[in-house]
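K.L.:
Could you look at this predicted model? Sequence included:
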Amino acid sequence: MATKKTRMKSTAVAVAVPQSRSMCADDIRRIGDLQREHARVAAELNDQIAALTNAAEPVLAELSQRIAALQTGVQTWCEANRVTLLGEDDRNGKTANLVTGEVSWRVRPPSVSIRGTEAVLEALRRGGLERFIRTKEEPNKEAMLNEPSALAGVPGVSIVRGVEDFIITPFEAQTEVTA
């Protein structure tokens, strides 16, 4: 029996720390260069994807139409021959094996569709059907931020302050594309 390796390969990256202000400025310029190169490669990839999608779209659309037509025909025949396929009492199963594949009938579970939520809520209240209205309770974070001293002894609540993000923004010329 072969022994498995239990060691993971390190993916650590050596970090070069600039040693002066000019070296730091040079690294920021290189970050900008790399970001622009990344954007160029991503744009090139998207162009290739768009070209492939455009080339395949007519073929895929035609295949989808042919599939839909065949599915409609199969469903029509199966509906007309449902008793033959499933028997009189189709409680035993709603799937028929047709050698090259199966067809089946499934009843979807009940669902509720609501249009005009506010009107529905008002109608439920007027009809005394409040049991069908959900009330969601949750902590009000905005109010907590306004009164942090009142929460001093509440377990599970902490006010996070002073989190600082470090952002590098290389300078570059802005251009506009006009139509």
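P.N.:
Structure's in. What do you need?
K.L.:
Just want to check the distance between residue 127 and residue 120.
P.N.:
With distances defined as Cβ to Cβ, to the nearest Å, the gap from residue 127 to residue 120 amounts to 11 Å. For the C-beta atoms, the positions are set from N, CA and C on the backbone; glycine is no exception.
K.L.:
neighbour-wise, which of these two wins?
P.N.:
Counting neighbours by other Cβ atoms under 10 Å for residue 127 and for residue 120 shows that residue 120 has the greater number, 14 against 9.
K.L.:
which residue ranges form the helices in the chain?
P.N.:
Assigned helices in the chain, in chain order: 21-80, 82-86, 117-126, 141-146 (criterion: DSSP state H).
K.L.:
Quick check: which of these is buried the most?
P.N.:
Scoring the helices of the chain by mean neighbour count under mean count of other Cβ atoms under 10 Å gives helix 82-86 as the most buried, with a mean of 14.
K.L.:
list the helices and strands that helix packs on?
P.N.:
For helix 82-86, there is no helix or strand it packs on, judged by 3 or more Cβ pairs under 8 Å, 6 or more residues apart in numbering; DSSP states H and E.
K.L.:
Output that helix as CSV - backbone C-alpha positions only.
P.N.:
C-alpha atoms of helix 82-86 as CSV (Å, rounded to 0.1, in the frame of the first residue of the first chain):
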residue,chain,number,x,y,z
ARG,A,82,-51.5,8.0,-20.7
VAL,A,83,-53.9,5.2,-19.7
THR,A,84,-52.0,2.8,-21.9
LEU,A,85,-48.7,3.9,-20.5
LEU,A,86,-49.7,4.0,-16.8
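K.L.:
tell me the centre residue of the protein?
P.N.:
Per Cα atoms, centre = their mean, the C-alpha nearest to the average position across the chain is that of residue 46, at 19.5 Å.
K.L.:
pLDDT value on that residue, please?
P.N.:
In this prediction, residue 46 carries a pLDDT score of 97.
K.L.:
ok, now the one 5 residues further on?
P.N.:
Residue-level confidence at residue 51 comes out at 96, pLDDT.
K.L.:
need the contact list for it.
P.N.:
The contact partners of residue 51, taken as Cβ atoms under 8 Å, 6 or more residues apart in numbering, number zero.
K.L.:
Show me the contact partners of stretch 12-22.
P.N.:
Under the criterion Cβ under 8 Å, 6+ apart, residues 24, 26-27 lie in contact with stretch 12-22.
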